[in-house]
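A.B. asks: Provided below for reference: sequence and predicted model.
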Amino acid sequence: DAKTTQPPSMDCAEGRAANLPCNHSTISGNEYVYWYRQIHSQGPQYIIHGLKNNETNEMASLIITEDRKSSTLILPHATLRDTAVYYCIVTAGNMLTFGGGTRLMVKP
Amino acid sequence: ETGVTQSPTHLIKTRGQQVTLRCSSQSGHNTVSWYQQALGQGPQFIFQYYREEENGRGNFPPRFSGLQFPNYSSELNVNALELDDSALYLCASSLGGTLAYEQYFGPGTRLTVT
């Protein structure tokens, strides 16, 4: 599986959009980009995934660059409950390799 | 539709003992994966079971073993416990074996080895 690079931490004001970047320059053609988050002391929660096209669901939007070497997870209106560690994972299969993630702090 | 459940929530064991952790998968899911999460780290993949067969394994020694039952629930067994085995153990259920479906995680079992 391709390796990902994420900033270790980010802050966001409540009600504003949170844009979390992820670099995956060695991604292969059959690998998907997945985003999970983990709120303190809970199991990780699936957010969204994509292959080539941008994706949107009720939680977030995923923007993947045309060369697929990077992506951005967008939480359109961050709330305090979105404070968590966000993991970007690239995989062709079902065995997830978690890196360090980005610790997002949403502030009032 | 019930979510992924794990038992026990917490337990404390002594070095050298054996432990069994349990996971009930989400209704309709046939694949269970187990992960170990040390304090301050991301989860590390231990192994995966698909339709009662081990379907993939991470970099963990043979003293970590597992089972999946016909109802797709699963057990993680760890023999000869070491202090470094202290961690949060997470299971996740999904569809489709090795295919890239989303995984749904349980709340975890916090294991402390003294």
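C.D. replies: Yes, it's here. A quick note: this is a predicted structure, and the numbers were derived from the prediction, not measured. Numbers count the residues shown, from 1 in each chain, chains lettered A, B, ... in the order given.

A.B. asks: before we move on, which element is the residue most central in space within chain B in?
C.D. replies: In chain B, the residue lying closest to the centroid (CA atoms, centre = their mean) is B:Trp34, at 3.1 Å. For B:Trp34, the host element (DSSP states H and E) is strand B:31-37.

A.B. asks: now A:His77, nearest residue through space, not along the chain?
C.D. replies: Nearest residue to A:His77 in three dimensions, chain neighbours excluded: A:Gly15, at 5.8 Å (CB to CB, 6 or more residues apart in numbering or on different chains). Using the backbone N, CA and C atoms, a C-beta is placed for each residue, glycine as well.

A.B. asks: for the one you found, which three-state class applies?
C.D. replies: Using DSSP: H, G, I helix; E, B strand; the rest coil, the structure places A:Gly15 in coil.

A.B. asks: beta partners of the residue nearest to the centre of chain B?
C.D. replies: Judged by DSSP bridges, the bridge partners of B:Trp34 are B:Phe47, B:Cys91.

A.B. asks: ok, A:Leu62 next?
C.D. replies: Beta-bridge partners of A:Leu62, counted by DSSP bridges, are A:Glu55, A:Leu73.

A.B. asks: count the neighbours of it for me.
C.D. replies: Counted by other CB atoms under 10 Å in any protein chain shown, the residues lying close to A:Leu62 total 22.

A.B. asks: could you do A:Met59 as well?
C.D. replies: Applying other CB under 10 Å, we find 15 other residues in the vicinity of A:Met59.

A.B. asks: now do the contacts for it.
C.D. replies: Applying CB atoms under 8 Å, 6 or more residues apart in numbering or on different chains, we find A:Met59 in contact with A:47-48, A:75.

A.B. asks: want to throw the residues you listed into TSV with distance to B:Asn71?
C.D. replies: Supplementary listing: the contacts of A:Met59 in TSV, determined by distance: CB to CB, whole Å:
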residue	distance to B:Asn71
A:Ile47	28
A:Ile48	30
A:Leu75	36
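
A.B. asks: which ones among these map onto helices?
C.D. replies: Per DSSP state H, helices hold no members of the contacts of A:Met59.

A.B. asks: need those in CSV with distance to chain B, pLDDT and neighbour count, can you?
C.D. replies: Formatted as CSV, those follow (distance: CB to the nearest CB, whole Å; pLDDT from 0 to 100; neighbours: other CB atoms under 10 Å in any protein chain shown):
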residue, distance to chain B, pLDDT, neighbour count
A:Ile47, 9, 95, 20
A:Ile48, 9, 94, 19
A:Leu75, 18, 97, 21
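
A.B. asks: B:Pro43: which of those residues is nearest?
C.D. replies: Minimum distance to B:Pro43 across those is 15.2 Å, recorded for A:Ile47 (CB to CB).

A.B. asks: once you drop chain neighbours, what's closest to B:Ser7?
C.D. replies: B:Ser7 sits nearest to B:Arg22 (CB to CB, 6+ apart), 4.9 Å away.

A.B. asks: let me know the helix or strand that that neighbour is in.
C.D. replies: Counting by DSSP H and E, the element that carries B:Arg22 is strand B:19-24.
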